[in-house]
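Enquirer: Take this sequence and fold it.
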Amino acid sequence: MTSANKKLLVVDDEPDFCVFVSHVAKEMGCLVKTLTDSRRFRACYEAFDPDIVMLDMVMPEQDGFEVIDWLVEKKSGARVVLVTGYNPHYAKSAQIQAAARGLSEIKTFTKPISIRKLRAALS
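Expert: Now for the predicted structure:
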């Protein structure tokens, strides 16, 4: 699958980060949906059926661990890219937990993420 037909769902409570990721992904030909309210994740995921989910680990209403739990329950086939502006061990811990529960294609990054690394994660 090329970037041109990948669907990316970005879930991050920082609007500027969503705009940054969306801009880079659209330049690569991805279809992009962004959410700054993680409570809307499930409905958006079901409607959009993304190939890639980029997920902030620390959000006010529903954190990344809760979203990962739901993805595991759904037996999601989407690739997951975890990002955090906090301690990188937080995202690594989520990666280990998710992999142990069946989500195997997970990458982690600490904000700020470079354009080069973002493109590689979306390729």
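Enquirer: Name the residue closest to the centre of this protein, please.
Expert: Residue closest to the average C-alpha location in the chain (CA atoms, centre = their mean): Met54, at 1.3 Å.
Enquirer: what's the spacing between it and Val83?
Expert: Distance, Met54 to Val83, by CB to CB, to the nearest Å: 6 Å. All C-beta spots, glycine's among them, are computed from the backbone N, C-alpha and C.
Enquirer: what do the two both touch?
Expert: Common contact partners of Met54 and Val83 (CB atoms under 8 Å, 6 or more residues apart in numbering): Asp12.
Enquirer: Might you calculate how far the helix or strand of the chain with the lowest mean pLDDT sits from the centre of the chain?
Expert: The helix or strand of the chain with the lowest confidence, counting by mean pLDDT, DSSP states H and E, is helix 88-100 at a mean of 78. The chain centre lies 13 Å from the centre of helix 88-100; the measure is CA atoms, centre = their mean, to the nearest Å.
Enquirer: Which positions in that helix come out as buried?
Expert: Buried residues in helix 88-100, counted by 16 or more other CB atoms under 10 Å: Pro88, Tyr90, Ala91, Ala94, Gln95, Ala98.
Enquirer: same check, this time on stretch 97-113
Expert: Residues of stretch 97-113 classed as buried by neighbour count (16+ other CB under 10 Å): Ala98, Leu103, Ile106, Lys107, Thr108, Phe109, Thr110, Ile113.
Enquirer: taking the residues you listed one by one, which sit in strands?
Expert: Secondary structure from DSSP state E places Ile106, Lys107, Thr108, Phe109, Thr110 of those in strands.
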